[in-house]
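**Student:** Give me the fold of what follows.
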Amino acid sequence: MRRLIPYVAAIVGVALTSVFIGLVVGRTQLANISMLYLVAVLLVAVAFGRAAAIAASLLAFLTFDWFFVPPTHQLVVADAEELFSLALFLMTAVVTGTLAARERARAEEAKAREREATLLYEAALLMADPDLERALAAVAEHFRAALDLDAVAIESDPGMLERSAVAARDEPSREALHATGTELRLMDPRRGPSRRIRLVGARLPGRGRERRVHLVPITVSGKHVGRLLLLARTDARELGPADERLLAIGAAQLGVTMERARFRKDALETEVLRRADDLKTELLHAVSHELRTPLASILASAGSLLQRDVAWTERERDEFVGAIRDEALRLDRVVGNLLDLSRIENGSLVPHKAWHDVGALVEDVAGRLRPVTAGHPVDLEVPDDLPPVELDYVEIQQVLANLVENAAKFSPPGSAIGISVSPANGDVRFAVTDHGPGIPEADAERIFAPFVRLDRQGLRTRGVGLGLAIAKRLVEAHRGSIWVDREVPEGTRVVFTLPVSAR
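**Tutor:** The predicted structure follows:
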């Protein structure tokens, strides 16, 4: 019925024009009154296209000859001049209608091109999302809504996506994408017309009439990487050549997006392997020096104690035992730091948070580190009205201990070490201050990287450079931050903050 509407419109337009001409001719005489039919032809051409315009031209020619050219009610023309006028009128009507229809077609084509460009531009913006699965899900919904489809699925070859990106109007439409009895139509403009494949299988009871799924292959650089599945509505029009061209361009963009995501994944894996290799190299350097030195000292002291031909005094024996104990503790700290860093990098060191009193934590750390800070007075500044903080007691204790050990290590004998805690904009602020040589501004960020050790004014201390690296990762695991305060006039102040509650 839709195909007949343009021709019905042509008949109605010519009929109304004929009625109007009949009324005018009955009252007055107008020259070239047949030109009124050109208005009807133009209107039909603009509204319904070339075929309807030509039909209206022929119908106007016959109608005017039948009703208004003597002898009337006959297709015979008595006057040769009238015959020439009718022929000229027919030619003018056909040409005018054709030109008007052509301009209409160009306008519609420009509008369609603009729609395609807008749709593809919006799809390209959605594909820019770095999360590939989220981007493809948004693109699937974009195509489904723009083309008024029941369902759209974007599938990839194994290894690219964990699951397909599907956008469906309802659950039956989602299931119909891969249901048996569905006609699969392969759309690949590079290989000519669409090809049809029917998925045959057991028919479920109560299933409605068969659906048609359009499949567009997704390729990049001649390599197949996925497919685009589209389920059209049963009451909707068929996808035409313009839609196929649009989907082919969209599939090409999807291929580039998938390939870019694969390159990004490969680059990330390469960077991870490179960093792991650098970490292994640094670890080997640290182990070769920081583990062998205490082991050599332990072996030397133990060997001396085992010498039976030497009469060691009690004081000498105590010195050997003390050296063995100190080097063993140092070795234990190094191995513990290496294990902690490994667990943090692997994500297996997760904070076990509970509510704790910050003042008790600071006093506990200060008491436990008295042997380390024996040559330094320790000043504690902890207000009594601090709220409890949700944290992992052991991990934050380790952070604070690492900072205090560094302060004692790099401070001149007799200089004070300050530990302060204060509220700050909904967080709790910890600060450890020393009066050592300070940290250069260029190294303020670098010192939090693993295995970084600074030579501060010729003071080279033992260690593998893991204390601050572990502290930074533990603080960040609590959703806090840590930095070197540049506002102190001398020495070093390292500050870290923790949120009062992680919820």
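
**Student:** Mind splitting this protein into its structural domains?
**Tutor:** Structural domains annotated on the chain: 2-118, 129-261, 287-346, 354-499, as defined by automatic domain parsing.

**Student:** how much distance is there from stretch 484-492 to the middle of the chain?
**Tutor:** Distance of stretch 484-492 from its chain centroid, counting by C-alpha atoms, centre = their mean, to the nearest Å, is 40 Å.

**Student:** What are the buried residues along that stretch?
**Tutor:** 484, 491, 492 (16 or more other C-beta atoms under 10 Å). For every residue, glycine as well, the C-beta is placed using N, CA and C.

**Student:** any chance of those in a markdown table, with pLDDT, distance to residue 386 and secondary structure too?
**Tutor:** Listed next are the buried residues of stretch 484-492 as a markdown table, based on pLDDT from 0 to 100; distance: C-beta to C-beta, whole Å; DSSP: H, G, I helix; E, B strand; the rest coil:
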| residue | pLDDT | distance to residue 386 | secondary structure |
| --- | --- | --- | --- |
| 484 | 91 | 24 | strand |
| 491 | 87 | 25 | coil |
| 492 | 90 | 24 | strand |
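
**Student:** Any chance of a markdown table for the residues you listed, columns distance to residue 316?
**Tutor:** A markdown table is the format used below for these (distance: C-beta to C-beta, whole Å):
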| residue | distance to residue 316 |
| --- | --- |
| 484 | 43 |
| 491 | 38 |
| 492 | 38 |
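
**Student:** JSON lines please, covering the domains of the chain and showing distance to residue 271.
**Tutor:** Putting the domains of the chain into JSON lines (distance: least, C-beta to C-beta, whole Å) gives the following:
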{"stretch": "domain 2-118", "distance to residue 271": "37"}
{"stretch": "domain 129-261", "distance to residue 271": "15"}
{"stretch": "domain 287-346", "distance to residue 271": "14"}
{"stretch": "domain 354-499", "distance to residue 271": "15"}
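
**Student:** what's the closest of those to residue 281?
**Tutor:** domain 354-499 (9.3 Å; C-beta to C-beta).

**Student:** Endpoint to endpoint, that closest one covers what distance?
**Tutor:** 13 Å (C-alpha to C-alpha, to the nearest Å).

**Student:** what separates residue 162 from residue 155, distance-wise?
**Tutor:** With distances taken as C-beta to C-beta, to the nearest Å, residue 162 is found 12 Å from residue 155.

**Student:** Looking at the two, which has the bigger crowd around it?
**Tutor:** In this view residue 162 and residue 155 are compared by other C-beta atoms under 10 Å, and residue 155 has more residues nearby, 20 against 7.

**Student:** Not counting residues beside it along the chain, what's closest to the more buried one?
**Tutor:** Spatial nearest neighbour of residue 155, excluding adjacent residues (C-beta to C-beta, 6 or more residues apart in numbering): residue 164 at 4.5 Å.

**Student:** Now do the same contact list for that neighbour.
**Tutor:** Neighbour list for residue 164: 153, 154, 155, 156 [criterion: C-beta atoms under 8 Å, 6 or more residues apart in numbering].

**Student:** again, but for residue 378
**Tutor:** 366, 404, 416, 417, 418, 419 are the contacts of residue 378 under C-beta under 8 Å, 6+ apart.

**Student:** Beta-bridge partners for the residue nearest to the first one when sequence neighbours are not counted, please?
**Tutor:** Spelled out, that is residue 366. Nearest residue to residue 366 in three dimensions, chain neighbours excluded: residue 378, at 5.6 Å (C-beta to C-beta, 6+ apart). Per DSSP bridges, the residues bridged to residue 378 are residue 417.

**Student:** Report all helices and strands that the longest helix belonging to the chain contacts.
**Tutor:** Longest helix in the chain by number of residues, with DSSP state H as the criterion: helix 80-127. Secondary-structure packing of helix 80-127 (3 or more C-beta pairs under 8 Å, 6 or more residues apart in numbering; DSSP states H and E): helix 36-48, helix 50-68, helix 132-147, helix 241-286.

**Student:** could the ones you listed go into a markdown table alongside distance to residue 120, mean pLDDT and mean neighbour count?
**Tutor:** As requested, the helices and strands packed on helix 80-127 are exported to a markdown table (distance: least, C-beta to C-beta, whole Å; pLDDT from 0 to 100; neighbours: other C-beta atoms under 10 Å):
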| stretch | distance to residue 120 | mean pLDDT | mean neighbour count |
| --- | --- | --- | --- |
| helix 36-48 | 29 | 78 | 21 |
| helix 50-68 | 29 | 78 | 20 |
| helix 132-147 | 10 | 87 | 20 |
| helix 241-286 | 6 | 80 | 15 |
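
**Student:** Save those as JSON lines, and put in distance to residue 216 too.
**Tutor:** Shown next, in JSON lines, are the helices and strands packed on helix 80-127 (distance: least, C-beta to C-beta, whole Å):
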{"stretch": "helix 36-48", "distance to residue 216": "32"}
{"stretch": "helix 50-68", "distance to residue 216": "31"}
{"stretch": "helix 132-147", "distance to residue 216": "10"}
{"stretch": "helix 241-286", "distance to residue 216": "5"}
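
**Student:** Helix, strand or coil: sort out residue 74 for me.
**Tutor:** Under the three-state scheme (DSSP: H, G, I helix; E, B strand; the rest coil), residue 74 adopts coil.

**Student:** State the distance from it to residue 147.
**Tutor:** Distance of residue 74 to residue 147, computed by C-beta to C-beta: 54 Å.

**Student:** Can you tell me the SS state at residue 439?
**Tutor:** Residue 439 - assigned by three-state DSSP - is coil.

**Student:** Now that it has come up, it's in contact with residue 484, right?
**Tutor:** Yes: the pair residue 439 and residue 484 qualifies as a contact (C-beta atoms under 8 Å) at a distance of 5.6 Å.
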